[in-house]
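Novice: turn this into a structure:
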Amino acid sequence: MALGSIVDYLDLQGQDSSYAARKQLAQKNGIQNYRGTAQQNTQLLGILRSGAGNGSSQTSGPSGAGTVGAAPGAPAAVAAGSVQTVSGGPGVTSSSGSASGSTTQQRTYQRSDRVNQLYDRAQAAANDMPGDYSPSQWVQNYRDKLQAIEDDRPDPFESQYADYISSVLDDILNEKEFSYTGEDLMNDDLYKMYSDQYKRNARLAMEDTMGNAMAATGGYGSSYAQAVGQQMYDSQMAGLNDIAMELADRAYDRYLNDRANRYNQMGTLVDLDSIDYDRYRDTVGDWQLDRNYYAGRYDAEYAKDYGEYRDSVTDAENERNYWLNFYDAERDNDFGEYQQGVSENQWSQEFAHQQAMDQAELAIAQAAEARAQAEWERAMAQAASGGGSSGGSSRKSSSKKSSSSKKTSSSKKTDSTEKGRQYVMAYSPDTTLRPMELTLADRLGIDYTKEEEEDAWNEWMAEKIINAGKSGGSR
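Specialist: Predicted coordinates for the structure are as follows:
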């Protein structure tokens, strides 16, 4: 993870970087509905780094102050110290304990100007990431046009000839069979006209015939004249029967013509309805062509526009990742140099401290040896000036002291001598070495009262004098 992320930022401060902790931190800083998106993380990181955030400590960046733990990968000597309190800009130091018990001043890690520049560049690249996709004006125009065409969809087809077709079809389906009875003949207007005409012609023919017959007989009416007249009348009326048959045939022809007319009418209505439907289908087809055209244009423009958006996102991500990786590499190198400097500085301090301790121990040992030598020379001088009797007294005194020491047990004598030896190693008359002596005394674990220290010193010195006297006697 890049060191410029919110998780790395919180880890660097020793804070909880879990999702729940970040969500609570986001709410404290006015970021609502935190879901851990890159934009929200970047916003939260910017707030915290600006110093305006609530609920977090600030790191010791290029400016500002804060309390942080040891940096990741820091040497043990730095990490083992107490929490570093950074109170200012570059060059601020913090205290840390060393293994030898001394206190050293260690410089906290401060990013170099180069690293800070790369961080700012990576942060700027992260802030410049494109937001959510927003369609261009062209995409919106094609979408609006397509929506308008969808709203203008033709209504379902409604035939204006449906009722006429249904009526004619009903007449055809419910048509009666042909029938021409005598009653139909008598009610036939044409037959009535022919009947009247035949009757009139028959009557005239009958009258002419009867007139001719009467003229032939001298103008007198006779049965012959009536018979001949009736015969003429019947002859004329016989033609009316032939007309009746002709009228029946004409009625049947009219029946057939009426049927044909209905079928023709049905065909005409169906043709008109088909023409009307074809026009409707043309309208629907034109509508579909417009819809498909604008749908295709919308899809193409959307794909082009969204593709350009995704390209910009990819370019921005590549730009951001480039600078983050550059920043990581430069910071690792910068922090590595810092670690090396810390290690070298710690080693120098430890080496200098050890040298000071060695010199102090040597000075203490030399002072103790000089003091012991002086005491021994003084005792030897006193023994020499006192003569044999003094020597005898000394030996007698020493013998008494030795006898007394034996009464207190050899183990106690050994303990006292060892205490004296430790006391001499811990203290010297040179007061300028007192601070180092005290440090050495603490390390030796000496915890005597003043009386115990003096007794231990006297017993040790007495032992030294006795041993020196024995050595002198032997010589």
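Novice: shaky segments in the stretch 151-300 of the chain?
Specialist: 216-221 (pLDDT under 70).
Novice: just give me the neighbour total for Y19.
Specialist: By the criterion of other Cβ atoms under 10 Å, Y19 has 11 neighbours. No exception for glycine: its C-beta is placed from N, CA and C like everyone else's.
Novice: got it, and A360?
Specialist: A360 has 16 nearby residues by other Cβ under 10 Å.
Novice: helices along the stretch 1-150 of the chain, start to end?
Specialist: 6-12, 19-28, 38-50, 76-79, 113-127, 137-151 (DSSP state H, counting those that start in this stretch).
Novice: may I see these organised as a markdown table, with distance to R297 added?
Specialist: Listed next are the helices of the stretch 1-150 of the chain as a markdown table, based on distance: least, Cβ to Cβ, whole Å:
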| stretch | distance to R297 |
| --- | --- |
| helix 6-12 | 43 |
| helix 19-28 | 43 |
| helix 38-50 | 32 |
| helix 76-79 | 64 |
| helix 113-127 | 35 |
| helix 137-151 | 5 |
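Novice: among the ones you listed, which comes closest to G336?
Specialist: Closest to G336 of the helices of the stretch 1-150 of the chain is helix 113-127 (Cβ to Cβ; 11.8 Å).
Novice: who are the packing partners of the closest one?
Specialist: Contact analysis of helix 113-127 by 3 or more Cβ pairs under 8 Å, 6 or more residues apart in numbering; DSSP states H and E lists helix 38-50, helix 223-385 as its packing neighbours.
Novice: in TSV, list those along with distance to Q13.
Specialist: Listed next are those as TSV, based on distance: least, Cβ to Cβ, whole Å:
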stretch	distance to Q13
helix 38-50	9
helix 223-385	16
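Novice: care to break the protein down by domain?
Specialist: Segmentation of the chain into domains, based on automatic domain parsing, reads 6-132+316-339, 140-312, 386-474.
Novice: make sure P154 is indeed in a helix.
Specialist: No. P154: not assigned to a helix; according to DSSP: H, G, I helix; E, B strand; the rest coil it is coil.
Novice: offset the numbering so it begins at 447, please.
Specialist: In the new numbering, first residue 447, that becomes P600.
Novice: about what we covered before: what's the most buried one of the helices and strands packed on helix 559-573?
Specialist: Across those, averaging neighbours per residue (mean count of other Cβ atoms under 10 Å) puts helix 484-496 on top, at a mean of 18.
Novice: what is it packed up against?
Specialist: Against helix 484-496 (3+ Cβ pairs under 8 Å, 6+ apart) you get helix 452-458, helix 465-474, helix 559-573.
Novice: with mean pLDDT and distance to M712 added, can I get the ones you listed in JSON lines?
Specialist: As requested, the helices and strands packed on helix 484-496 are arranged in JSON lines below (pLDDT from 0 to 100; distance: least, Cβ to Cβ, whole Å):
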{"stretch": "helix 452-458", "mean pLDDT": "81", "distance to M712": "83"}
{"stretch": "helix 465-474", "mean pLDDT": "88", "distance to M712": "79"}
{"stretch": "helix 559-573", "mean pLDDT": "89", "distance to M712": "79"}
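Novice: now these as CSV including distance to H799?
Specialist: Below are the helices and strands packed on helix 484-496 laid out as CSV (distance: least, Cβ to Cβ, whole Å):
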stretch, distance to H799
helix 452-458, 31
helix 465-474, 41
helix 559-573, 32
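Novice: sorry, back to before: nearest to S558, out of the helices and strands packed on helix 559-573?
Specialist: helix 669-831 (5.1 Å).
Novice: that closest one to helix 583-597, inter-axis angle?
Specialist: Angle, helix 669-831 to helix 583-597, by axes from the mean of the first three to the mean of the last three Cα atoms, to 10 degrees: 150 degrees.
Novice: quick revisit: closest to Y748 out of the helices and strands packed on helix 484-496?
Specialist: Of those, nearest to Y748 by Cβ to Cβ is helix 559-573, at 27.8 Å.
Novice: excluding its backbone neighbours, what's nearest V716?
Specialist: Leaving aside its sequence neighbours, V716 sits nearest to I611 (Cβ to Cβ, 6 or more residues apart in numbering; 6.5 Å).
Novice: ugh, wrong one, Y755
Specialist: Y579 (5.0 Å).
Novice: can I assume that neighbour is in contact with Y748?
Specialist: No. Counting by Cβ atoms under 8 Å, Y579 stays clear of Y748, with 10.1 Å between them.
Novice: can I get the CA coordinates of the helix or strand hosting the residue nearest to V716 in CSV?
Specialist: Per DSSP states H and E, I611 falls inside helix 608-619. C-alpha atoms of helix 608-619 as CSV (Å, rounded to 0.1, in the frame of the first residue of the first chain):
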residue,chain,number,x,y,z
ALA,A,608,-64.7,-2.8,-40.1
ASP,A,609,-68.4,-2.0,-39.5
TYR,A,610,-69.2,-2.0,-43.3
ILE,A,611,-67.4,-5.2,-43.9
SER,A,612,-69.2,-6.8,-41.0
SER,A,613,-72.6,-5.7,-42.3
VAL,A,614,-72.0,-7.0,-45.9
LEU,A,615,-70.6,-10.2,-44.6
ASP,A,616,-73.7,-10.6,-42.4
ASP,A,617,-75.9,-10.1,-45.5
ILE,A,618,-74.0,-12.7,-47.4
LEU,A,619,-74.0,-15.3,-44.6
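Novice: ok, R696 - contacts?
Specialist: With contacts defined as Cβ atoms under 8 Å, 6 or more residues apart in numbering, the neighbours of R696 are L636.
Novice: could you check how far it is from A690?
Specialist: 11 Å (Cβ to Cβ, to the nearest Å).
Novice: same check, this time on D574
Specialist: 110 Å.
Novice: ok, L471 next?
Specialist: The value you get for L471 to A690, if Cβ to Cβ is used, is 117 Å.
Novice: can you list the buried residues in stretch 654-661?
Specialist: Buried residues in stretch 654-661, defined by neighbour count with 16 or more other Cβ atoms under 10 Å: T655, M656, A659, M660.
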